[in-house]
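**Q** Provided below are the primary sequence and the corresponding predicted coordinates.
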Amino acid sequence: MKRIVFVSMALAACLMFGACGEQKEEKKKEDAKPEVKIADVVTSLVPQIETYTATVESDVKNNIAPNTPYRIEKIFVEVGDQVRKGQVLVQLDASNLRQLKLQIENQKVEFNRTSQLYSVGGASKAEYDNAKTQLDVLSTQYAQLVQNTQLTAPISGVVTARNYDNGDMYSGTPILTVEQLNPVKLIINVSEVYYKNVVVGQPVEVSLDAYEGDVFAGKVSIKYPTIDKTTHTFPVEVTVSNSNQKVRPGMFARATISFEEIERVMVPDMAIVKQVGAGDRYVYTYKDGKVSYDKVELGRHMGEQYEVKSGVEPGAQVVVAGMARLANGREVTVVK
């Protein structure tokens, strides 16, 4: 019986010492410095590329309407029709025009009669001048009325709106809208820090949600001369050639411009740590046997490196492997 008790006590002691040993080993592992691999932070010239969103607009947009209210006799085009400059689009009520034409014919007869009398001394100079003036006034009124009752296209383009039917009375809303679709344009707002870098004629790459994967060539056509004091941006007009008319007003577009090259800090993408539950990015910077947890502002991802706008200085060293057991201020062992 005593032997059984002794053996039981011995086994318990072994188990206890074994557990203690395991705890000591675990503690040794925790106390041991984590092994990490590090890489040097380098600098490189990086093109500053910015992308702006905008809505496509027609280069020229004309609303077709008369100067005074008229009844619409005939609209000759529909939405989507291609029109050429000078083409008659709308004929308005011409009843006044016909009356005026009759008055002109009568006044021509009167002028010819007065002119003949004046040539033989049968009418005074004042009578001759009065007859001529009345004919000129009526002719001018007729030309103006013709212009206002036959509405023509001021540009070559596409009909994008029709707001009346034949027989309607014009009431203020444009009868038609004609837009020029070649070229088209975008208006983007660029940060004032790039003001000196934007020049007319500068190339711009334009992409559209409607044509995923396609890139359209654009160029800066207008650089506005003033800065918005609230947003600290300035408008830039980008023109896009559109000979095939694939690009349409109202489409959502992204305009990408490459500015000057700037020397930037570059770090390996393996060094970037994302904070859980947030969008912030960090790196572990190594110095004098310890690491610090530093927030960084990233730029472009270029190959296997990230452009870093702030948070890491040139010449620093960052951890690229072994981050699992790291914490701010932790001592580490560097391995190759």
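**A** That came through fine. Residues are numbered from 1 along each chain as shown.

**Q** Secondary structure class of residue 137, three-state.
**A** Three-state call for residue 137 (DSSP: H, G, I helix; E, B strand; the rest coil): helix.

**Q** Check the one 4 residues further on too.
**A** Following three-state DSSP, we place residue 141 in the helix state.

**Q** surely it meets residue 101?
**A** No. Taking contacts as C-beta atoms under 8 Å, residue 141 lies outside contact range of residue 101: 10.5 Å. Bear in mind the C-beta positions are built from the backbone N, C-alpha and C, glycine included.

**Q** quick one: stretch 210-223 to chain centroid distance?
**A** 9 Å (C-alpha atoms, centre = their mean, to the nearest Å).

**Q** got the CA positions of that stretch in PDB?
**A** Written as PDB, here are the backbone C-alpha positions of stretch 210-223 (Å, rounded to 0.1, in the frame of the first residue of the first chain):
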ATOM      1  CA  ALA A 210     -20.000  52.800 -70.600                       C
ATOM      2  CA  TYR A 211     -16.900  51.400 -72.300                       C
ATOM      3  CA  GLU A 212     -15.000  49.600 -69.600                       C
ATOM      4  CA  GLY A 213     -11.300  49.000 -70.600                       C
ATOM      5  CA  ASP A 214     -11.300  51.600 -73.400                       C
ATOM      6  CA  VAL A 215      -9.200  54.700 -73.100                       C
ATOM      7  CA  PHE A 216     -10.000  57.800 -75.100                       C
ATOM      8  CA  ALA A 217      -7.400  60.500 -75.900                       C
ATOM      9  CA  GLY A 218      -8.100  64.000 -74.700                       C
ATOM     10  CA  LYS A 219      -6.200  67.200 -74.200                       C
ATOM     11  CA  VAL A 220      -6.400  70.300 -72.000                       C
ATOM     12  CA  SER A 221      -8.300  72.900 -74.100                       C
ATOM     13  CA  ILE A 222      -8.900  75.700 -71.500                       C
ATOM     14  CA  LYS A 223      -7.100  76.400 -68.200                       C
END
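
**Q** pretty sure residue 38 is in a helix, no?
**A** No. Residue 38: not assigned to a helix; according to three-state DSSP it is strand.

**Q** Tally up the residues packed near it, please.
**A** 21 (other C-beta atoms under 10 Å).

**Q** What segments of the stretch 101-250 of the chain are helices?
**A** For the stretch 101-250 of the chain, the helices defined by DSSP state H, counting those that start in this stretch cover 125-149.

**Q** helix or strand for residue 260, which one?
**A** Per DSSP states H and E, residue 260 falls inside strand 252-268.

**Q** Quick check: mean pLDDT of that strand?
**A** For strand 252-268, mean pLDDT is 92.

**Q** likewise stretch 179-188?
**A** For stretch 179-188, mean pLDDT is 95.

**Q** Show me what it is in contact with.
**A** 52-62, 155-158, 160, 206, 218, 221, 235-243, 245, 247-249, 253, 255 (C-beta atoms under 8 Å, 6 or more residues apart in numbering).

**Q** give me that answer again for 6 Å
**A** 52, 54, 56-61, 155, 157-158, 160, 235-243, 245, 247, 253, 255 (C-beta atoms under 6 Å, 6 or more residues apart in numbering).
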